[in-house]
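Student: I'll drop the sequence and a predicted model, then ask my questions.
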Amino acid sequence: MGKRPLEGVRIADLTWLLAGAGGPRLMASLGAEVIRIEWKDRLDFLRYMPPFAPLKDEKAEKAGAMELSGLSAAGMKSVNRAGFFNDVNAGKRGISLNMGHPRGRELFKRLVGISDVVVEAFTAETMRKWGLGYETLKSIKDDIIYMQQPGWGYKGPYVKFASYGPVAQAASGLTEQSGLPAPHPPAGWGFSYMDWSGAYYCAITMLCALYYKK
């Protein structure tokens, strides 16, 4: 079996949900070593969303059906069973690291030093507030590729705000372009179109940067 095209590439993955995590997942499928970074007290809430893989002696059709209690770990039997989360993050490694703590950020810098790409999906200012903006990352490894995915861009009046796919659809006008002809109002998209497109563009951008670097 031949090597996959991205073998030897390491990605430090600070993404969330589908729009962020989907891009590194595609890179993992091409052979990149993707190290997903989460903190055990602030997990990606896709972990709390069904369907869930059944536990031993549990019927698959009922697995987790009554287990979900809001978007939190309260009442969860395991945070590693969510089908959607595991699909979006297939092929990745994972570590628990508290980026809100100075020691956690120092450990992250060590990871940056042995990585080719850092990708994150926070608000535009989060990494800079942690003292981990591009200039800092570049000082650790001068050829590091840094990929940001803030919902509202890098600068402007909304940089402090988080965003999700349906919000981006509404703000961009896509919601108004869907639905039945008048007199029916726009119905919006039946799924989070912007999450999928965000994942694809994230992967494409990282591939372009790696090709340019090579």
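Tutor: Arrived safely. Keep in mind that this is a model prediction, so the values were computed, not measured.
Student: contacts and neighbour counts: CA atoms only from here.
Tutor: Fine.
Student: Point to the helix or strand of this protein where mean pLDDT is at its lowest.
Tutor: Using mean pLDDT, DSSP states H and E, the weakest-scoring helix or strand in the chain turns out to be helix 165-172, at a mean of 84.
Student: For that helix, C-alpha coordinates in PDB please.
Tutor: Provided in PDB are the C-alpha atoms of helix 165-172 (Å, rounded to 0.1, in the frame of the first residue of the first chain):
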ATOM      1  CA  GLY A 165     -23.500  28.100  10.500                       C
ATOM      2  CA  PRO A 166     -27.200  29.100  10.600                       C
ATOM      3  CA  VAL A 167     -26.200  32.600  11.900                       C
ATOM      4  CA  ALA A 168     -23.700  33.000   9.000                       C
ATOM      5  CA  GLN A 169     -26.400  31.900   6.600                       C
ATOM      6  CA  ALA A 170     -28.800  34.500   7.900                       C
ATOM      7  CA  ALA A 171     -26.200  37.300   8.000                       C
ATOM      8  CA  SER A 172     -25.000  36.600   4.400                       C
END
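Student: Tell me which residues of it come out buried.
Tutor: Gly165, Pro166, Ala168, Gln169 (16 or more other CA atoms under 10 Å).
Student: And stretch 19-26, by the same measure?
Tutor: Ala19, Gly20, Ala21, Gly22, Gly23, Pro24, Arg25, Leu26.
Student: And for stretch 199-214?
Tutor: For stretch 199-214, burial by neighbour count (16+ other CA under 10 Å) applies to Ala199, Tyr200, Tyr201, Cys202, Ala203, Met206, Ala209, Leu210.
Student: Could you dump those into a markdown table with distance to Pro51, secondary structure and pLDDT added?
Tutor: What follows is the buried residues of stretch 199-214, written out as a markdown table (distance: CA to CA, whole Å; DSSP: H, G, I helix; E, B strand; the rest coil; pLDDT from 0 to 100):
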| residue | distance to Pro51 | secondary structure | pLDDT |
| --- | --- | --- | --- |
| Ala199 | 21 | helix | 94 |
| Tyr200 | 24 | helix | 95 |
| Tyr201 | 27 | helix | 95 |
| Cys202 | 26 | helix | 96 |
| Ala203 | 26 | helix | 97 |
| Met206 | 30 | helix | 98 |
| Ala209 | 36 | helix | 98 |
| Leu210 | 35 | helix | 98 |
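Student: Rebuild those as TSV, extending it with distance to Ala182.
Tutor: Putting these into TSV (distance: CA to CA, whole Å) gives the following:
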residue	distance to Ala182
Ala199	33
Tyr200	33
Tyr201	33
Cys202	36
Ala203	38
Met206	42
Ala209	45
Leu210	47
